[in-house]
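**Student:** Provided below are the primary sequence and the corresponding predicted coordinates.
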Amino acid sequence: MIKQVSIFLKNSIKIFVILIFLMQISCKKSEYAELVKAEMAKNIVNDSLIFGMKFGDTKQEFFDKCWKLNNQKLVTHGPNNNFVQYDLPLKEGDSAIYATTMLFYGIFDDEKIMRGMDMQFSYVAWSLWNESLKADKLVPVVMDSLLAWFPGNDFISVVPDKSDKEIFVKVDGSRRIIIEPLKNDKDVDVRIDDLRFVIDKLNKAKLYDK
């Protein structure tokens, strides 16, 4: 009898822990959904990106702005010319070992209009054996930089459907910034979206599914 009670208590504790975990995930998802709903209801268009770029720029305008930045020696071609590379200035008092590189490129729709931007951050001196320069240590640094560039709401953590990996999301009006799950020990991937386009695309997809 005692053994049965013990097993029952253990199972009850397990179920309780699982329920608490599921409630936490559900609350986080609900918090994100409510945040998007509240921000979109404000009808505030935040279309600014970096270096004077913005949602709605054409692909040619993006190239032209990058060309000017390159001539000013602010950016260079990234690896394999797939990205534009920008070396972030070191903050006062920071060691040169924490020099950080940002790669970026516009996300364009079928009409070659910029609807978002992909970014990738990494420490220049990254190495497999240096724990302090790994991606998980870079995430809060990237978060601080993004908050400085794009003031407003803070980041919240969310665990998407069909995933056990946490992402960080910041929504200000129509602009959404996502710090994506880490794919390796080196890079921190960031995506900036125009929620007007994202929601419109989702609505059209639902319409076609009917």
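**Tutor:** Arrived safely, thanks for sending.
**Student:** Excluding its own residues, what touches stretch 137-157? List them.
**Tutor:** 28, 31-32, 35, 39, 46, 48, 50, 88, 98, 100, 121-123, 131, 166-173, 175, 177, 179, 182, 188, 190 (Cβ atoms under 8 Å, 6 or more residues apart in numbering). Every residue, glycine included, has its C-beta placed from N, CA and C.
**Student:** Check which residues of it are buried.
**Tutor:** For stretch 137-157, a neighbour-count test (16 or more other Cβ atoms under 10 Å) marks Leu138, Val139, Val141, Val142, Met143, Ser145, Leu146, Phe150, Asn153, Phe155 as buried.
**Student:** pLDDT on the helix or strand containing the second one, on average?
**Tutor:** Taking DSSP states H and E as the definition, one finds Val139 inside helix 135-149. Taken as a whole, helix 135-149 has a mean pLDDT of 97.
**Student:** about what we covered before: so which of the contacts of stretch 137-157 belong to helices?
**Tutor:** Lys28, Glu31, Tyr32, Leu35, Glu39 (DSSP state H).
**Student:** what's the lowest-pLDDT member of those residues?
**Tutor:** By pLDDT, Lys28 ranks lowest within the ones in helices among the contacts of stretch 137-157, coming in at 52.
**Student:** for the closest residue to Val171 other than its chain neighbours, what are its contacts?
**Tutor:** Take Val171 and drop its neighbours on the chain: the residue closest to it by Cβ to Cβ, 6 or more residues apart in numbering is Glu39, 4.8 Å away. Going by Cβ under 8 Å, 6+ apart, Glu39 touches Asn153, Val171, Asp172, Gly173, Ser174, Leu195.
**Student:** Also Gly173?
**Tutor:** Counting by Cβ under 8 Å, 6+ apart, Gly173 makes contact with Glu39, Met40, Lys42, Ile44, Val45, Asn46, Gly152.
**Student:** rerun at 10 Å
**Tutor:** Listed by Cβ atoms under 10 Å, 6 or more residues apart in numbering, the contact set of Gly173 reads 39-47, 152-153, 195-196.
**Student:** Dump these into TSV; add distance to Phe104 as well.
**Tutor:** Listed next are these as TSV, based on distance: Cβ to Cβ, whole Å:
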residue	distance to Phe104
Glu39	23
Met40	25
Ala41	30
Lys42	27
Asn43	28
Ile44	24
Val45	21
Asn46	18
Asp47	16
Gly152	20
Asn153	22
Leu195	19
Arg196	21
